[in-house]
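> From the sequence below, what's the structure:
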Amino acid sequence: MATADELRHELTRAGVGPGDEVIVPSFGTAEAAEAALLVGARPVFVDIDADTYCVDPAAVAAALTPRTGAIVPLHTFGHPADMARIGELGAEHGVFVLVGAVQEEPDAETAERQAHAAYLTAKLRGLVTPRVAPGVRHTYQQYVVRVPGNGRPDRDAFARALRSRGVVCHVPVQTPVHRTPRFQRELWLGETERASGECLALPVDAAMSRRELRQVVSVCNALGGMASAA
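Okay, here's the model as predicted:
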């Protein structure tokens with residue numbers, strides 16, 4: 001993941017500065033929004049695609065104005081953004097498109113994570129497992145599921161239950177960037193809000209053994225009724 005300073009450097013090279021708007025995701029880290037501030041521009045937060053967690057090209061299109069100086073789509077959890085469509089939008093409107101995270105080159109560690117992710121996806125019940133857009137390669141830097149139910153309270157209860165049974169897990173995005181004190185914006189990004197309340201990252205490290213993966217599946221599935229009925 002690129003740092004805010006690295007993104008700032010790229011925005012500066014592209015001529016983005018004061019008075020410009022930079023379209024950025026709110027679901028994820030604040031690096032892109034921070035980079036916009038560092039060059040004197042205004043970050044414009046857009047919603048995500050519910051399946052990929054990357055910025056929704058339709059939301060990007062709707063946010064474009066004559067002041068738009070750049071789009072920073074970012075890849076999320078190892079799933080690439082829809083760079084083909086976003087690149088088209090950039091070309092159509094003469095807007096610089098900055099990719100803030102380079103896809104990992106295939107290696108043994110990535111391949112192992114992908115194999116672990118495939119196992120979890122095939123075995124887990126009662127959770128919404130990651131979806132992958134056609135024709136792209138997910139590197140599973142994080143394996144993120146959704147916990148069905150009533151949003152954050154049910155997701156957090158499920159996470160506590162997993163941890164009490166020895167499964168390490170974490171909430172990948174606690175608060176959307178546009179709701180943090182640094183960027184406080186009065187706007188509603190529906191898919192971003194839903195994802196921040198439902199998503200949970202399960203372990204998928206390359207070093208995990210098959211026994212450890214089976215334990216994750218066993219514990220999650222034993223609690224699956226809790227997730228489904230919540």
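> helices or strands up against the longest helix seen in the chain?
Taking DSSP state H as the criterion, the chain has its longest helix at helix 108-123. The contact analysis (3 or more CB pairs under 8 Å, 6 or more residues apart in numbering; DSSP states H and E) places helix 108-123 against strand 143-146, helix 210-222. Quick note: C-beta positions are derived from backbone N, CA and C, even for glycine.
> what about 7 Å?
helix 210-222 (3 or more CB pairs under 7 Å, 6 or more residues apart in numbering; DSSP states H and E).
> Quick check: nearest residue in space to the residue most central in space within the chain, chain neighbours excluded?
Nearest to the mean C-alpha position of the chain, counting by CA atoms, centre = their mean, stands Thr76 at 3.5 Å. Closest residue to Thr76 apart from its sequence neighbours, by CB to CB, 6 or more residues apart in numbering: Tyr53 at 4.2 Å.
> so Gly90 makes contact with Ile71?
Yes. Using CB atoms under 7 Å, Gly90 is in contact with Ile71, at 5.9 Å.
> Are there residues contacting both of the two? Which ones?
Residues touching both Gly90 and Ile71 by CB atoms under 7 Å, 6 or more residues apart in numbering: Val97.
> Looking at these two, which is more packed in?
Taking other CB atoms under 10 Å, Gly90 and Ile71 do not tie; Ile71 has more neighbours (28 against 21).
> That one pairs with what?
Under DSSP bridges, the beta-bridge partners of Ile71 are Ile23, Val97.
> Quick check: it touching Val60?
Yes. Counting by CB under 7 Å, Val60 is a contact partner of Ile71 at 6.0 Å.
> Which residues are in contact with each of these two?
Ile23, Ile86.
> can you map out the helices along the protein?
4-13, 31-38, 57-63, 83-93, 108-123, 152-164, 190-198, 210-222, 224-229.
> so which of the ones you listed is the most packed in?
helix 31-38 (a mean of 23; mean count of other CB atoms under 10 Å).
> what's next to that one, contact-wise?
Counting by CB under 7 Å, 6+ apart, 1-4, 7-8, 11, 22, 24-25, 42-43, 72, 74, 100, 177, 183 sit against helix 31-38.
> just stretch 7-27 next, same as before
Against stretch 7-27 from outside (CB under 7 Å, 6+ apart): 31-33, 35-36, 38-46, 48, 53, 55, 60, 63, 65, 67-72, 74, 96, 98, 100, 173, 176-178, 189, 192, 195-196.
> Contacts only, for Val217.
Applying CB under 7 Å, 6+ apart, we find Val217 in contact with Leu120, Lys123, Leu124.
> Dump those residues to TSV, plus distance to Arg214 and pLDDT.
Below are the contacts of Val217 laid out as TSV (distance: CB to CB, whole Å; pLDDT from 0 to 100):
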residue	distance to Arg214	pLDDT
Leu120	10	98
Lys123	8	97
Leu124	12	97
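> Put together CSV for the residues you listed, with distance to Tyr143 on each row.
Putting those into CSV (distance: CB to CB, whole Å) gives the following:
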residue, distance to Tyr143
Leu120, 6
Lys123, 12
Leu124, 10
